[in-house]
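Asks: Any chance you could fold what I've pasted below:
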Amino acid sequence: MNRQRKTAFLQGSIAIVLAALLLCNPKLSAEGFLDGIQLCVQTVLPALFPFFVLCEMMMNVPLPGRFLRYLQNAWGFCSEKSVFAVLVSWIGGYAVCAQLTGNLYCEGKISRRDALLITMLGCCSSPGFVIGCVGGLLLQNVRLGVLLYGLQIVANLLSTALCVPFLSSVKGDKQPRENLSGFSRNAGLSLAIGNAVNSSLNVCGCVLFFRTVGAVLRPILPETPWSAAALSMLLEISAGCADFSALGGRVALYGCCLCLSMWGCSVWAQLSLLLRKSVPLPVLALQRIFFMIIFIFLVAAAVRFLPGTLIVYSSLTGRVVQSSRLPADAAVVVFLFVCATLYKVRQNFYNK
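Replies: Residues are numbered from 1 along each chain as shown. Modelled structure (predicted):
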């Protein structure tokens with residue numbers, strides 16, 4: 001009980017300090033909030049919302065049983081659903097992994113041990129973010145992005161193997177249990193869209209909050225690129241990768257590796273919401289420490305064989321990215337997301 005009081009006191013103190021900073025810097029708060037909205041509209045929603053819908057529907061597609069059973073035995077799962085969830089998560093990213101894990105656990109289709117294994121094996125940054133954003137846009141090397149994406153899958157497998165002895169200490173059921181949600185998610189597209197709306201709102205809420213917090217904390221820190229990059233890494237993964245990439249050289253590469261390893265407060269808040277208490281986060285945090293060590297070692301060993309990867313330091317000014325209107329495909333996705341949100345709100349209102 002004493003530990004709970006200390007935790008509550010610490011959380012309350014942090015909330016009071018942040019509230020004071022937000023009130024003292026309304027302009028910076030507004031800028032951070034607008035920056036978060038722009039990130040959600042242009043990147044998060046177009047990248048995540050379709051995958052939330054499609055990946056949940058893909059869980060009902062039958063796959064070759066022999067292949068799934070082989071991976072099930074190799075990875076130590078109790079259900080073939082767990083194997084499929086990991087494979088889908090490697091495509092959709094950590095948010096999709098957390099959504100699928102939380103849903104499967106609450107429906108009683110997987111055990112608590114399987115939920116933890118899915119999260120450790122499947123939680124990674126999506127190929128669109130690692131290859132397209134980090135590799136192609138920030139580091140300006142698509143081949144490097146492909147290498148980073150592949151090595152993070154390898155690091156997931158190796159770090160999870162190191163954490164296998166800690167699985168015996170996981171409290172809770174060892175086998176799938178009865179459905180806690182009262183219904184199955186095999187209803188099809190409409191239910192998948194509704195779940196995707198809720199999950200997308202949770203993700204965007206975390207991004208908006210930590211972008212706003214980062215905007216008001218930045219003036220307090222020393223005016224150095226290192227401090228800004230460190231703050232961004234602690235708060236939000238995409239901002240951390242962007243700030244480290246602006247430093248250039250090896251710092252850009254290994255700074256992005258740190259961001260991909262530790263995720264930041266925003267990602268951890270998203271996982272806490274989407275997993276629905278199905279996974280003990282301290283064990284997952286231990287796995288991420290192992291992941292960071294293995295991932296950086298693998299990158300340092302493999303990058304030497306990729307020509308034209310390491311960037312020398314440059315004293316030139318940072319590259320200017322020209323702003324443009326929202327692409328047509330992203331605008332359609334945002335429009336559909338808003339329509340689905342309004343439908344969901346209306347449905348909940350009238351059901352009451």
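
Asks: going forward, measure contacts and count neighbours with C-alpha atoms only.
Replies: Will do.

Asks: Now for the residue lying closest to residue 52 once chain neighbours are set aside: which residues touch it?
Replies: In space, residue 52 comes closest to residue 196 once its chain neighbours are excluded; the distance is 5.1 Å by CA to CA, 6 or more residues apart in numbering. Contacts here follow CA atoms under 8 Å, 6 or more residues apart in numbering; on that basis residue 196 touches 49, 52-53.

Asks: low pLDDT regions in this structure?
Replies: 1-4, 60, 62-65, 169-188, 307-352 (pLDDT under 70).

Asks: Identify the residue nearest the geometric centre of it.
Replies: Centre of the chain computed as the mean C-alpha position; nearest residue by CA atoms, centre = their mean is residue 94, 4.1 Å away.

Asks: Just read off the phi/psi values of the residue nearest to that residue when sequence neighbours are not counted.
Replies: What sits nearest to residue 94 in space, not counting adjacent residues and going by CA to CA, 6+ apart, is residue 123, at 4.2 Å. Dihedral angles phi and psi of residue 123 (degrees, to the nearest 10) take the values phi -70, psi 110.

Asks: can you check residue 248 too?
Replies: Here residue 248 shows phi and psi, under degrees, to the nearest 10, equal to phi 80, psi 170.

Asks: if we can go back for a sec, surely the residue nearest to the centre of the chain and residue 121 touch.
Replies: No - using CA atoms under 8 Å, residue 94 is not in contact with residue 121; the gap is 10.1 Å.

Asks: quick one on the thing from earlier: distance of the residue nearest to the centre of the chain from residue 86?
Replies: Note on residue 94: its distance to residue 86, by CA to CA, to the nearest Å, is 10 Å.

Asks: neighbouring contacts of stretch 70-77?
Replies: Contacts to stretch 70-77, defined as CA under 8 Å, 6+ apart, come from residues 78-80, 82-83, 114, 117.

Asks: picking that back up, from the contacts of residue 196, which single one is nearest residue 215?
Replies: Top of the list for closeness to residue 215, among those and by CA to CA, is residue 49 at 25.9 Å.

Asks: That closest one: which element?
Replies: Here residue 49 sits within helix 45-58, counting by DSSP states H and E.

Asks: ok, now residue 28?
Replies: Following DSSP H and E, the helix or strand that holds residue 28 is helix 26-39.

Asks: just how off-centre is that helix within its chain?
Replies: Average the C-alpha atoms of helix 26-39, do the same for its chain, and the two points are 21 Å apart (CA atoms, centre = their mean, to the nearest Å).

Asks: With stretch 59-75 instead?
Replies: Relative to its chain's centre, stretch 59-75 lies at 25 Å (CA atoms, centre = their mean).

Asks: Render the CA-only coordinates of that stretch in PDB, please.
Replies: The C-alpha trace of stretch 59-75 is given here as PDB (Å, rounded to 0.1, in the frame of the first residue of the first chain):
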ATOM      1  CA  MET A  59      -7.200 -13.100 -37.900                       C
ATOM      2  CA  ASN A  60     -10.200 -15.000 -39.200                       C
ATOM      3  CA  VAL A  61      -8.500 -16.200 -42.400                       C
ATOM      4  CA  PRO A  62      -7.400 -19.900 -42.200                       C
ATOM      5  CA  LEU A  63      -3.800 -20.600 -42.900                       C
ATOM      6  CA  PRO A  64      -1.900 -23.900 -43.500                       C
ATOM      7  CA  GLY A  65      -2.000 -25.700 -40.300                       C
ATOM      8  CA  ARG A  66       1.400 -27.500 -40.700                       C
ATOM      9  CA  PHE A  67       3.200 -24.200 -41.000                       C
ATOM     10  CA  LEU A  68       1.500 -22.600 -38.000                       C
ATOM     11  CA  ARG A  69       2.000 -25.700 -35.900                       C
ATOM     12  CA  TYR A  70       5.700 -25.700 -36.700                       C
ATOM     13  CA  LEU A  71       6.100 -22.100 -35.500                       C
ATOM     14  CA  GLN A  72       3.800 -22.800 -32.600                       C
ATOM     15  CA  ASN A  73       6.100 -25.600 -31.300                       C
ATOM     16  CA  ALA A  74       9.200 -23.600 -32.000                       C
ATOM     17  CA  TRP A  75       8.000 -20.500 -30.200                       C
END
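
Asks: buried sites along it?
Replies: Of the residues in stretch 59-75, those scored as buried under the neighbour-count criterion (16 or more other CA atoms under 10 Å) are 59, 68-69, 72, 75.

Asks: Do a quick rundown of the helices in the stretch 201-350 of the chain.
Replies: According to DSSP state H, counting those that start in this stretch, the stretch 201-350 of the chain carries its helices in the segments 225-235, 237-247, 249-262, 265-275, 281-302, 328-351.

Asks: quick one: buried residues of the first one?
Replies: Going by neighbour count (16+ other CA under 10 Å), the buried part of helix 225-235 is 228-229, 231-235.

Asks: Now tabulate these in JSON lines and tack on distance to residue 10.
Replies: Below are the buried residues of helix 225-235 laid out as JSON lines (distance: CA to CA, whole Å):
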{"residue": "228", "distance to residue 10": "24"}
{"residue": "229", "distance to residue 10": "25"}
{"residue": "231", "distance to residue 10": "20"}
{"residue": "232", "distance to residue 10": "22"}
{"residue": "233", "distance to residue 10": "22"}
{"residue": "234", "distance to residue 10": "18"}
{"residue": "235", "distance to residue 10": "18"}
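
Asks: Perfect, I'm done here.
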